[in-house]
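>>> okay, structure incoming, though there's no sequence with it:
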């Protein structure tokens, strides 16, 4: 059910069909043990719950991991195809079907991230079930502290996200709902005018079909998005990595990466940072796995990476 802009969204009617599916991950997996900062993913007793919409039709998905080599999915919806699609999107979000063996074999003894890869081979890049979510939240998170960005996202969900009356779960507003939110309304959630307008225009492009975020030719959509004022390489790279499963994409302009590379290159002051292109050059050796390599680098931290390089 599509959210109504400018008001609390209508409750989603979920029920009728329930399907269950057991999956054996293609690579060792550990499910998250907590929900997301925006409040749409819930974790209770080790079971993840998420409300999703397929062409406006709601489904509630639950995911559990009773054993290391098994993941159980359950979905409830009015129609079987909706439940099946919702499970497919959660499989994508959790990386259940990702085969990370080539990455592990190639980089487990890498001088920079090898120790992190060996210590946590289950690490995956966090993803959103729908790419528009990754795009919208990337715009919200531009150039501000994450805690403040998360609060903005929670406000958007609370005021414009459709809600399941039975579970209380909410979904992120889709592109159609986002396009219906006036920039002034988005500003009321604490977005700057520039970011509010960028989010509104990006939602209109996606809702109008001019940008298809599911099109395998991702670059075509990226080019159109980057024509929107306020959307640059960092935003598109976050979309690619967290919304489209592109392990080759690294948000090189991210402050965490810029500080990390500066520290490893001996830039001196703890607040020093390098330019975006220097970050790209630093992670270039990881090629098609740059995004996942970056996740391992951040997990190990500056001191751990410096110790690895000094060894």
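Ah, there it is. Given the structure is predicted, the values throughout are model-derived calculations rather than measurements.
>>> buried residues in the longest strand seen in the chain?
The strand that spans the most residues within the chain, counting by DSSP state E, is strand 57-67. Across strand 57-67, burial judged by 16 or more other C-beta atoms under 10 Å covers 57-63, 65. Bear in mind the C-beta positions are built from the backbone N, C-alpha and C, glycine included.
>>> chain center to that strand: distance?
Mean-position distance between strand 57-67 and its chain equals 18 Å (C-alpha atoms, centre = their mean, to the nearest Å).
>>> how is the chain partitioned into domains?
For the chain, automatic domain parsing gives the domain ranges 11-99, 255-310.
>>> averaging pLDDT over each of these, which comes out lowest?
Lowest mean pLDDT of those: domain 255-310, a mean of 84.
>>> next one: that domain to chain centre, how far?
21 Å.
>>> stretch 130-137 too?
That offset, for stretch 130-137, works out to 7 Å (C-alpha atoms, centre = their mean).
>>> list of residues touching that stretch?
Stretch 130-137 is contacted by residues 38, 52, 89, 127-128, 149, 153, 156, 172-175, 178, 199, 202-203, 206, 213-214, 225, 235, 238-239, 241-244 when judged by C-beta atoms under 8 Å, 6 or more residues apart in numbering.
>>> report the buried members of those residues.
38, 52, 89, 127-128, 149, 153, 156, 172-175, 178, 199, 202-203, 206, 213, 225, 235, 238-239, 241-244.
>>> so of the residues you listed, which ones are in strands?
Using DSSP E, these in strands are residue 52.
>>> how about the strands of the protein, start to end?
Using DSSP E, strands in the chain cover 11-12, 17-23, 41-44, 47-54, 57-67, 70-77, 163-164.
>>> what does the longest one rub up against?
Spelled out, it's strand 57-67. Counting by C-beta under 8 Å, 6+ apart, 1, 12-14, 29-31, 46-53, 71-79, 82-83, 85-87, 90, 94, 162, 164, 166-167, 169, 171 sit against strand 57-67.
>>> which PyMOL command selects the buried ones in the residues you listed?
In PyMOL syntax, the buried subset of the contacts of strand 57-67 is picked out as below (16+ other C-beta under 10 Å):
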select buried, resi 1+12+14+29+31+48+49+50+51+52+53+71+73+74+75+76+77+82+83+85+86+87+90+94+162+164+167+169+171
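>>> thinking again about what came up before, of the domains of the chain, which is nearest residue 188?
Distance to residue 188, taken as C-beta to C-beta, is lowest for domain 11-99 among these, at 17.4 Å.
>>> chain center to the closest one: distance?
On C-alpha atoms, centre = their mean, the centre of domain 11-99 falls 15 Å from the chain's centre.
>>> do stretch 184-191 as well
The answer for stretch 184-191 is 22 Å, by C-alpha atoms, centre = their mean.
>>> which positions in that stretch come out as buried?
185-186, 189-191.
>>> residue 127 reaches residue 246, doesn't it?
No - counting by C-beta atoms under 8 Å, residue 127 sits too far from residue 246 to count as a contact (10.3 Å).
>>> and residue 1, what pLDDT?
At residue 1, pLDDT is 28.
>>> residue numbering should commence at 40 henceforth.
Understood, numbering begins at 40; the last thing we discussed is residue 40.
>>> one step back: any chance of the strands of the chain in JSON lines, plus distance to residue 183?
Converted to JSON lines, the strands of the chain look like this (distance: least, C-beta to C-beta, whole Å):
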{"stretch": "strand 50-51", "distance to residue 183": "30"}
{"stretch": "strand 56-62", "distance to residue 183": "37"}
{"stretch": "strand 80-83", "distance to residue 183": "22"}
{"stretch": "strand 86-93", "distance to residue 183": "25"}
{"stretch": "strand 96-106", "distance to residue 183": "30"}
{"stretch": "strand 109-116", "distance to residue 183": "35"}
{"stretch": "strand 202-203", "distance to residue 183": "26"}
